[in-house]
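S.K.: Model the following, please.
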Amino acid sequence: MDELADRRRRIAARVGNAEPEDPMPKTKPAIKTKRQRFLDHAERRTEAALGALRRLRNCANRAGYEYRDDEAVQICNAIAAAFDALRTAFLEPPQPKTRRAPFRLRLEPEEPDPE
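M.R.: Below is the predicted model of the structure:
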């Protein structure tokens, strides 16, 4: 085993590294507190949610998309319901978790264009 370590040191010296990095660190990473984990996850997930809302807002551009007013209302209602559930989760005692069905636009027959 000493021969392998010696060889690694010589190679590292040629490359300019004093000591090669140990592939298996001997210390365990520090355990994060609940507060640290909350800050890490909350900031990252909030940024992701805000980014998703910005991208969804792009769909409101009628120059690039065609949609009916009732479809826009469905989208806004779904987001409002999710926001209400988020607010409740943070501000009220814990409730049992329920599975949410994926959001789908209810397709209604299109009205013919009056010409």
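S.K.: rest of the way, CA atoms for contacts and neighbours
M.R.: Fine.
S.K.: and the longest helix anywhere in the chain, how far from the chain's centre?
M.R.: In terms of residue count, the longest helix belonging to the chain (DSSP state H) is helix 34-58. The chain centre lies 6 Å from the centre of helix 34-58; the measure is C-alpha atoms, centre = their mean, to the nearest Å.
S.K.: just stretch 62-77 next, same as before
M.R.: Here the centre of mass of C-alpha atoms in stretch 62-77, compared against the chain's by C-alpha atoms, centre = their mean, lies 24 Å away.
S.K.: Mind telling me what element Ala86 is part of?
M.R.: No, residue 86 isn't Ala; it's Leu. Leu86 is part of helix 69-91 when elements are defined by DSSP states H and E.
S.K.: Phe90: neighbour count?
M.R.: Here the number of neighbours of Phe90 (other C-alpha atoms under 10 Å) works out to 9.
S.K.: From Ala49, how far off is it?
M.R.: Plainly put, Phe90 is 16 Å away from Ala49 if you go by C-alpha to C-alpha, to the nearest Å.
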